[in-house]
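J.: Whatever this is, show me its structure:
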Amino acid sequence: MVSSLGLWELGGLLLPAAGRGERGRVVALGLPLLAGFALAPGLPGGQAAVGPLMALAGALFLLLAGHLLTYGRSPQALAEMGATALALLYVPFLVGHLVWLRLLPQGEWWLLWLLLVIFAGDTGAFYTGRTFGRRKLAPRVSPGKTWEGTLGGLAASVAAGWLLGSRLLPQVPWTYLLPLSLLLGLVGVLGDLFESMLKRLAQVKDAGSLLPGHGGILDRLDSLAFAGPVVLYFRLLFYP
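T.: Numbering: from 1, shown residues only. Here you go, the predicted structure:
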């Protein structure tokens, strides 16, 4: 449900001139892709990736076939195809990694740890930036972000990852927790900046208004969408 709302908001950002029907098609193509990630943990051995890949291939096939059948009806067909493909890769494909992670054995603890590391980074960046922020990180993309806030957020992510990981993920040594937490902080910043770039291109302040005072669902998923694959593949590689 949350991903569907985020995909609806993203459709509005990437396809601002499109009607509800076009945005509805984006959501309809994305839902089976999320289902593919939900099925992944139940597939045997090395076949786990088959579900998501089949769902992604199917979604892209339907997207391209649909535009082929309606060729000539939309002067912006190329832009619409590109925007819809980006929407599918950004929300259901990346966020689907969180679904897969949750459904693995003890996945709820891995997901909780990931959420706390990302939230700690966001909180640390906010308060450090507001108190000490002077030098802009990426003023053309996100004028409010500073280098000082980013460093404070990274420090908070590493501290939270280490302290909480020893409780939630006792099987993971600190020599793994520290670099993984730092990597999550970095990709979380990239995810935040990427979503900010989309909003600048669409010339809007927030992706939506579903969460008063916090923007839209997409504003809450941006860092998690980039961080989810990192934790999932770390888990599959080192703790299968």
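
J.: Now do the buried residues in the longest helix along the chain.
T.: The helix that spans the most residues within the chain, counting by DSSP state H, is helix 174-202. Under the neighbour-count criterion of 16 or more other Cβ atoms under 10 Å, helix 174-202 has 176-177, 180-189, 191-193, 195-196, 198-199 buried. In short, each C-beta sits where N, CA and C put it, glycine included.

J.: same question, stretch 160-175
T.: In stretch 160-175, counting by 16+ other Cβ under 10 Å, buried: 160-162, 164-165, 168-169, 172.

J.: again, but for stretch 224-238
T.: In terms of neighbour count (16+ other Cβ under 10 Å), stretch 224-238 has its buried residues at 224-232, 234-235.

J.: which residues does residue 66 contact?
T.: Under the criterion of Cβ atoms under 8 Å, 6 or more residues apart in numbering, the neighbours of residue 66 are residue 25.

J.: any idea which element it lies in?
T.: Assessed by DSSP states H and E, residue 66 sits inside helix 50-69.

J.: That helix - what's its average pLDDT?
T.: For helix 50-69, the mean per-residue pLDDT is 90.

J.: Give me the next element, helix or strand, following it.
T.: Later in the chain than helix 50-69, the nearest helix or strand by DSSP H and E is helix 77-88.

J.: could you give the angle of whichever helix or strand comes after the longest helix of the chain to helix 174-202?
T.: Next in sequence after helix 174-202, counting helices and strands by DSSP H and E, comes helix 217-238. Counting by axes from the mean of the first three to the mean of the last three Cα atoms, to 10 degrees, helix 217-238 lies at 150 degrees to helix 174-202.

J.: what distance separates helix 217-238 from the centre of its chain?
T.: Centre-to-centre, helix 217-238 and its host chain are 6 Å apart (Cα atoms, centre = their mean, to the nearest Å).

J.: coming back round to it: what's the angle between the helix holding residue 66 and helix 77-88?
T.: 160 degrees.

J.: Enumerate the positions of helix 50-69 that are buried.
T.: Residues of helix 50-69 classed as buried: 51-52, 55-56, 59-60, 63, 67 (neighbour count, 16+ other Cβ under 10 Å).

J.: returning to what we had before: can you add distance to residue 101, pLDDT and secondary structure and give the buried residues of stretch 160-175 back as JSON lines?
T.: Formatted as JSON lines, the buried residues of stretch 160-175 follow (distance: Cβ to Cβ, whole Å; pLDDT from 0 to 100; DSSP: H, G, I helix; E, B strand; the rest coil):
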{"residue": "160", "distance to residue 101": "18", "pLDDT": "98", "secondary structure": "helix"}
{"residue": "161", "distance to residue 101": "15", "pLDDT": "98", "secondary structure": "helix"}
{"residue": "162", "distance to residue 101": "20", "pLDDT": "97", "secondary structure": "helix"}
{"residue": "164", "distance to residue 101": "16", "pLDDT": "97", "secondary structure": "helix"}
{"residue": "165", "distance to residue 101": "15", "pLDDT": "97", "secondary structure": "helix"}
{"residue": "168", "distance to residue 101": "13", "pLDDT": "97", "secondary structure": "helix"}
{"residue": "169", "distance to residue 101": "12", "pLDDT": "98", "secondary structure": "coil"}
{"residue": "172", "distance to residue 101": "14", "pLDDT": "97", "secondary structure": "coil"}
